[in-house]
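Colleague: predicted coordinates and the sequence they were generated for:
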There are 2 protein chains.
Amino acid sequence: MNSVKEYKSASYKTGKIRKDNEIVIREAAEQEFAEFGFKGASIMSIAKRANVPRPNIHYYFKNKQELYNAVLMDILALWNKAFTEFTAEDEPAEAIGNYIRLKLMYSRCYPTASKIFANEILQGAPHLNTYLNNDLRVLLAHKTAIIQGWIDAGKMDAIQPYYLIFFIWGATQHYADFGIQIKSALGKEELSEEDFEEITANLIQIITKGCGLVK
Amino acid sequence: MNSVKEYKSASYKTGKIRKDNEIVIREAAEQEFAEFGFKGASIMSIAKRANVPRPNIHYYFKNKQELYNAVLMDILALWNKAFTEFTAEDEPAEAIGNYIRLKLMYSRCYPTASKIFANEILQGAPHLNTYLNNDLRVLLAHKTAIIQGWIDAGKMDAIQPYYLIFFIWGATQHYADFGIQIKSALGKEELSEEDFEEITANLIQIITKGCGLVK
DNA sequence: GTCTATACAGAGATAGAC
DNA sequence: GTCTATCTCTGTATAGAC
């Protein structure tokens, strides 16, 4: 039927326009979902943010759910990446310090991703059941086993490994999810790189010392 | 016109029905707002949760905004209460330990309140500007001054007081806001009182030791 | 590949009967 | 004080012109 048109678009550059548009839409969607969660987000608002006509969103993504899934998958990849850091061979003080540093770096660089994740959990994680009960749980079991190994080897105090991880998550993600409250409390427009370095140093000091890893 | 009916309802007990209904609606609204935030929440859904006809919500609360405000004000009162705890005369180890204990108790007893607050901050705190820039900021300045006093007196390590507070907030509120993730990770249906006591003990140990308050 | 027009569902709000 | 009926707006989704 539309063989001419099809040929034309195929000959242009395979999926170039599509790819560009998808990225623009995806980024706008991230902002919207981070603020309002899945239910509160509106496609119209995403279209305005992306500066594209509203029906185009439907052209690139079948529906709201599919768009959300696409965004969410990106974030999970990011999350898992941050979490595969330390290994049993590492020195615990360094390994935990690096993990805290990395998590804070993520809060600084990808606050939107963190917020979407937070929104998803707040809404009862309806789209993350598989992830929470499989991928994350396996990863977590692995990490806590490493920490327990360090404890058994007398390298650090006897802390419940799970609680230590939750502790680090809570403290670091807070800087992304509650960023507005923090900025407001400190009377700053934005947190600078120096601010984040100070935060990192303070956090690492408290936690490593608190776990008996440094004096 | 309806003098008989009016008399009847007035003679019942002044505002008894109204009060009861308001409470039921308020509690349903809390659940809904905690899950979906202001924008994502729907009055219809709140009515279903409260098991009242939808128009009744409008009878008791002018509109969605007013209902939300009512719920939010309750939460701020709760939040401030938790935050007016420690004073300069306290011993820092005990004061900070008590504050952590109290914050965790709030996460355990009022997870819904915590989630509404989290949602509000995630959405850019459009209804909390006054609170964040006034009440909270004053309270926070006061608390950090106390901590700084302890540091100057050589009672604890030199930690940035603001960051210590944010640290405690992040770590404790995490157990309310990310409760689902935590339960899923631990493979538990609910966290027991014993779980919370263990969490409290671990958190207090890490933070007080990490700040040089205990050996 | 882009965009106008439109169908249709859900939600907020209010008038007015009971 | 309760609830039906209704108005209006917003939002999702799709058909079809260009």
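Modeller: In hand now; what should we look at? Numbers count the residues shown, from 1 in each chain, chains lettered A, B, ... in the order given.
Colleague: give the buried residues for the host helix or strand of residue A:95.
Modeller: Under the criterion of DSSP states H and E, residue A:95 resides in helix A:92-109. Residues of helix A:92-109 classed as buried: A:92-93, A:95-97, A:99-104, A:106-108 (neighbour count, 16 or more other Cβ atoms under 10 Å in any protein chain shown). C-beta coordinates here come from the backbone N, C-alpha and C atoms, glycine included.
Colleague: among these, which ones lie close to DNA strand D?
Modeller: Among those, no residue lies close to DNA strand D (Cβ under 7 Å from any atom of the strand).
Colleague: any chance of the residues you listed in TSV with pLDDT as columns?
Modeller: Conversion of those to TSV gives the following (pLDDT from 0 to 100):
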residue	pLDDT
A:92	96
A:93	96
A:95	95
A:96	95
A:97	96
A:99	94
A:100	96
A:101	96
A:102	94
A:103	94
A:104	97
A:106	95
A:107	97
A:108	97
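Colleague: what's the angle between the longest helix seen in chain A and helix B:16-40?
Modeller: Assignment by DSSP state H gives helix A:16-40 as the longest helix of chain A. Taking axes from the mean of the first three to the mean of the last three Cα atoms, to 10 degrees, one finds that helix A:16-40 is oriented at 170 degrees with respect to helix B:16-40.
Colleague: counting contacts, what elements does helix A:16-40 pack onto?
Modeller: On a contact count with 3 or more Cβ pairs under 8 Å, 6 or more residues apart in numbering or on different chains; DSSP states H and E, helix A:16-40 meets helix A:43-50, helix A:54-60, helix A:64-83, helix A:111-122, helix B:16-40, helix B:111-122.
Colleague: would you list the ones you listed in TSV and tack on mean pLDDT, distance to DNA strand D and mean neighbour count?
Modeller: TSV is the format used below for the helices and strands packed on helix A:16-40 (pLDDT from 0 to 100; distance: least, Cβ to the nearest atom of the strand, whole Å; neighbours: other Cβ atoms under 10 Å in any protein chain shown):
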stretch	mean pLDDT	distance to DNA strand D	mean neighbour count
helix A:43-50	94	3	18
helix A:54-60	92	3	14
helix A:64-83	89	4	16
helix A:111-122	97	15	23
helix B:16-40	90	4	18
helix B:111-122	97	18	23
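Colleague: and those helices as CSV, adding distance to DNA strand C?
Modeller: CSV is the format used below for those (distance: least, Cβ to the nearest atom of the strand, whole Å):
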stretch, distance to DNA strand C
helix A:43-50, 10
helix A:54-60, 4
helix A:64-83, 13
helix A:111-122, 18
helix B:16-40, 9
helix B:111-122, 15
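Colleague: okay, how far is it across stretch A:108-128, tip to tip?
Modeller: Terminal residues of stretch A:108-128 lie 23 Å apart, using Cα to Cα, to the nearest Å.
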